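>>> generate a structure from the sequence data that follows.
(one chain, ligands or ions: 1)
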Amino acid sequence: MMVLETLSVFPQLFEPYMSTSIMGRARLAGLFSFEAHDLRDWTHDRHRTVDDAPFGGGQGMLMKPEPIFEAVRDIAGRGPCGAHVVFFSPCGSTFTQRHARRLAGKERILFVCGRYEGMDERVYELADEVLSMGDYVLTGGELAALCVMDAVVRLVPGALGDAMSSVDESFEGSLLEYAQYTRPASFEGREAPQVLLSGDHARIAAWRRKSAIARTATWRPDLLDGADLTQEEWALARRAMEAGHEEDEANEQ
Ligand code: SAH
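Numbering: from 1, shown residues only. Predicted coordinates:
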């Protein structure tokens, strides 16, 4: 069973999410365990202090190194296998599906979440890796940890129920997912593509492949660099990109 743990000053933030829906079911089914540690449990003063003013001046407070060193050494050293230690910072490597796939192979992961203006730089030597959720600043690392744990748990075999459902998704094979439709076939004059109602699996698969290519070319052309496309498919991608640019220009006017 995969063991997921967090270390933060707001451990109560995790439980509702980690016990709801797919996370909750996978946890009850014993596919992973989860424990949220309170960083203040590794402080030794009456006020359970975890922060201090930055050397050199500047705004706000920083998380001090001692409780973090003590907690990570203590938690990661427990149990039969050491934990893979992940810190969160906007300065980290941008989290992607590739990171999620790699982390899904770990037995035990400890996620260390910052608050305030971040952490004393010396704590990062405890990190096996530092992840960022993207080029924006959150008030704390808890949401980042929840995003990563969610993305990782749904890759654990059995978590999604249907074994196929994490295979042909966005980012698998460098393409975004194809467009999807459900009933009604006609909604206020907007029609679902006829081919999807045809029952012809080969035609449906061909349509989905084209849809994935056109959507990727329109919204995330950067992803196509790594895509394995035929000449015909590259032509489709170029047409979609050009159509996308025309749309952008129209929107700007
Ligand atoms: N002053 C720091 C930001 C601190 S935000 C800076 O400018 O880099 C406080 C905490 O929130 C961080 O320690 C980190 O754990 C978390 N956090 C904020 N933005 C994040 C992001 N984009 N990705 C991952 N964690 C983030």
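>>> all contacts plus neighbour counts: C-alpha atoms, from now on.
Fine.
>>> OK, contacts around M63?
Counting by Cα atoms under 8 Å, 6 or more residues apart in numbering, M63 touches 50-52, 114-120.
>>> rerun that using 6 Å as the cut-off
By Cα atoms under 6 Å, 6 or more residues apart in numbering, M63 lies in contact with 50-51, 119.
>>> now those in a markdown table, with distance to A83?
As requested, the contacts of M63 are exported to a markdown table (distance: Cα to Cα, whole Å):
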| residue | distance to A83 |
| --- | --- |
| V50 | 22 |
| D51 | 25 |
| M119 | 20 |
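>>> give me the subset of those residues lying in strands.
D51 (DSSP state E).
>>> which single one of the contacts of M63 is nearest to the ligand?
M119 (5.8 Å; Cα to the nearest ligand atom).
>>> ok, the nearest residue to that closest one once chain neighbours are set aside to Y116 distance?
Nearest residue to M119 in three dimensions, chain neighbours excluded: M63, at 4.5 Å (Cα to Cα, 6 or more residues apart in numbering). Distance check for M63 against Y116: by Cα to Cα, to the nearest Å, it reads 7 Å.
>>> same question, A104
Taken as Cα to Cα, the span from A104 to Y116 is 29 Å.
>>> what about the stretch 51-200 of the chain, any weak spots by pLDDT?
By pLDDT under 70, the low-scoring segments of the stretch 51-200 of the chain are 163-164.
>>> helices of that one, start to end?
Per DSSP state H, counting those that start in this stretch, the stretch 51-200 of the chain carries helices over the ranges 65-77, 97-103, 142-153.
>>> tally of neighbours for A192?
16 (other Cα atoms under 10 Å).
>>> check contacts around it.
A185.
>>> flag every residue of the stretch 151-253 of the chain that's near the ligand.
Within the stretch 151-253 of the chain, no position is adjacent to the ligand by Cα under 6 Å from any ligand atom.
>>> now do the strands in the stretch 151-253 of the chain.
Assigned by DSSP state E, counting those that start in this stretch, the strands in the stretch 151-253 of the chain fall at 186-187, 190-191.
>>> residues in contact with the last one?
Which is strand 190-191. Counting by Cα under 6 Å, 6+ apart, A185 sit against strand 190-191.
>>> quick one: it to chain centroid distance?
Computed by Cα atoms, centre = their mean, to the nearest Å, the chain-centroid distance of strand 190-191 equals 33 Å.
>>> can you list the strands that that strand pairs with?
strand 186-187 (antiparallel) (DSSP bridges).
>>> mean neighbour count added to the helices of the stretch 51-200 of the chain, as TSV?
As requested, those are arranged in TSV below (neighbours: other Cα atoms under 10 Å):
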stretch	mean neighbour count
helix 65-77	17
helix 97-103	15
helix 142-153	20
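>>> now do the SS call for L4.
strand (DSSP: H, G, I helix; E, B strand; the rest coil).
>>> which residues does it contact?
34, 108-109 are the contacts of L4 under Cα under 6 Å, 6+ apart.
>>> out of these, who's near the ligand?
Checking the contacts of L4 against the ligand (Cα under 6 Å from any ligand atom), there are no matches.
>>> and which of the residues you listed is nearest the ligand?
Distances from the ligand to the contacts of L4, taken by Cα to the nearest ligand atom, are shortest for I109, at 15.8 Å.
>>> beta partners for the closest one?
Beta-bridge partners, per DSSP bridges, of I109: L4, H84.
>>> residues contacting G58?
Contacts of G58 (Cα under 6 Å, 6+ apart): none.
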